[in-house]
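Visitor: sequence-free structure coming up:
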Ligand code: BES
Ligand code: ZN
């Protein structure tokens, strides 16, 4: 069986079979006055075929000049006509003897990975902030590179920022600001471009354990350190499951609320939304998720975005195993049942015959971001759970650990994975393979009938409470003493679709949903309130939409508003005001519906 997988990535202009980057040296200045990054990147290349042309990915970047060799001889290049979402091929003339290429460039305010925040958009309100989001194909909007997950390189960086701000990357980071605003980084393990990351702001560090800690704005640091107190335990639990952590340090940075995702697994420095700071540590499975990516994704990486489920399905599975070690099986069961609900909802929305409900995606000629749904996460998870239940945990865990070691720092695609698992886990045992039917899970749409059934005992009690409520019991009389966030989320999800206004008010008076400090609960409650035109939430909803840029919350909330004839205009009005606070990733999804 071949070990090196080279697959043509339809979302990149790079030709790694000819010329491949092995190391990048980034040297940039962060200019908050003009909202641009300016500088150069020096790529060390391996010209495998002695090619005379070196192809890079580039989008919304201005190229000033390109040189070759240490002596920096100017070379010619063509920046091809930009294509939708992919941007341009940067075609650089080289020859077989050249192993160093330096590109002088600057970003533009359109560079989609970058979000430039004004002081007012931060917690402290005094300093500006910048963060990047490179996954899936946005690294090319701030560094000209071979922007394909199948290509790995090490990197060094020098970043100059205004004095008084701290710069952090997906690399080794300092724990204090420098006096001159100059920061140096190196990432000595080869990573794919989508894991390139930079954050700049008024930041401080709080260590948690030997290898773990958290960065945040000064006003948020204490709350963040409290929330993530279990990070070191998580890291140890993860290592016990699937082998040594290979990135030395695992820190989290809590970003301003406009960060478009819950979390992003940038190596050594996970980026996280502040909306997981619930005050009671109840949303930390997100940290377990990003930590799990340190194996699934960052060590063994999906070869193309069509194989995205290999990153996310494995990570959700691993995340839940970590949480089970920390909080017990009943906790894992709650996460799993909630995940199942979300998957069923997503698949019903897409339509059960929609090709996007397959695990293997067909994103060719599309923006990968459009096809990357919860299906990869949850259907991927359930397939892995089915395999676990078929072969037994012990054998399965051994297989996963071997898999991470054997393919460490390599990429993996679905077809190779299938071949590998069939021979090395199942020993080509026909009866087990038939029982699972991997092909149906991976290439078929919808949810296969043999999906494992998971029951959450803790939710059985919630079902009972919802029934009692329907039977006329007063909300205030329900015993909710030991409910955690997950029980509340399940409760909200199980409420009837149509709820009379007086009951909405009764629920709110009893449980104070509208005042909740928990963004997950707020978002679920807002959706119910919008459907039932419960106007008391509108002030809080307004605040939420103005402040939070996390796409997972914005999409269902704006959809709920748009679904109501009377609230359509309100949705457009608030979007027009709030849009400036959202990252490209979120506006790219929402614009079509709301502009
Ligand atoms: N890698 C993803 C985020 C991502 C996915 C960015 C696709 C760009 C394209 C990250 O690990 C993730 O899955 N985040 C989730 C949280 C998780 C707990 C399901 C999120 O942001 O909601
Ligand atoms: Zn993930």
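Guide: Structure received. Predicted model, so just to flag it, every value in this text is computed and none were measured. Numbers count the residues shown, from 1 in each chain. Ligands and ions are numbered 1, 2, ... in the order given.
Visitor: in the stretch 51-200 of the chain, which spans are strands?
Guide: Per DSSP state E, counting those that start in this stretch, the stretch 51-200 of the chain carries strands over the ranges 53-58, 61-68, 73-74, 77-79, 88-93, 100-107, 114-117, 129-132, 152-160, 166-169, 182-192, 198-201.
Visitor: residues touching the nearest residue to residue 337 once chain neighbours are set aside, list them.
Guide: Spatially, and ignoring its direct neighbours in sequence, residue 337 is nearest to residue 456 (4.4 Å; C-beta to C-beta, 6 or more residues apart in numbering). For the C-beta atoms, the positions are set from N, CA and C on the backbone; glycine is no exception. Contacts for residue 456 (C-beta atoms under 8 Å, 6 or more residues apart in numbering) come out as 330, 333-334, 336-337, 490.
Visitor: can you check the pLDDT for residue 456?
Guide: pLDDT recorded at residue 456 is 98.
Visitor: repeat that for residue 8.
Guide: 87.
Visitor: let's verify it: helix, strand, or coil?
Guide: coil (DSSP: H, G, I helix; E, B strand; the rest coil).
Visitor: near ligand 2, which residues of the chain are found?
Guide: The chain comes close to ligand 2 at residues 312, 315, as judged by C-beta under 5 Å from the ion.
Visitor: OK, contacts around the residue most central in space within the chain?
Guide: Centroid-nearest residue in the chain, with C-alpha atoms, centre = their mean: residue 264, separated by 4.0 Å. By C-beta under 8 Å, 6+ apart, the contact list for residue 264 reads 133, 135, 197, 270-272, 290.
Visitor: check residue 132 too.
Guide: By C-beta under 8 Å, 6+ apart, the contact list for residue 132 reads 113-115, 138, 142, 196-199.
Visitor: before we move on, back to that, partner residues bridging the residue nearest to the centre of the chain?
Guide: Counting by DSSP bridges, residue 264 forms beta bridges with residue 271.
Visitor: look up how far ligand 1 lies from it.
Guide: From residue 264 across to ligand 1, the span is 5 Å (C-beta to the nearest ligand atom, to the nearest Å).
Visitor: over to residue 163?
Guide: Taking C-beta to the nearest ligand atom, one finds residue 163 at 32 Å from ligand 1.
Visitor: again with residue 574
Guide: Residue 574 sits at a distance of 22 Å from ligand 1 (criterion: C-beta to the nearest ligand atom).
Visitor: helix or strand: which one has that residue?
Guide: Using DSSP states H and E, residue 574 falls within helix 568-578.
Visitor: what residues sit buried inside that helix?
Guide: Neighbour-count burial for helix 568-578 flags 570-571, 574-575, 578 (criterion: 16 or more other C-beta atoms under 10 Å).
Visitor: for stretch 584-595, same thing?
Guide: Result for stretch 584-595 [16+ other C-beta under 10 Å]: buried residues 584-590, 594.
Visitor: of all those residues, which comes closest to ligand 2?
Guide: Nearest to ligand 2 among the buried residues of stretch 584-595, counting by C-beta to the ion, is residue 585 at 14.1 Å.
Visitor: assumed that closest one was part of a strand.
Guide: No: going by three-state DSSP, the assignment for residue 585 is helix, not a strand.
Visitor: so where's the stretch 401-550 of the chain uncertain?
Guide: Nowhere does the stretch 401-550 of the chain drop to pLDDT under 70.
Visitor: where do the strands sit along it?
Guide: 410-412.
Visitor: show me what residue of it gets nearest to ligand 2.
Guide: For the stretch 401-550 of the chain, C-beta to the ion, closest residue to ligand 2: residue 550, 14.0 Å.
Visitor: that residue reaches residue 272, doesn't it?
Guide: No: applying C-beta atoms under 8 Å as the test, residue 550 and residue 272 come out as separate, 10.4 Å apart.
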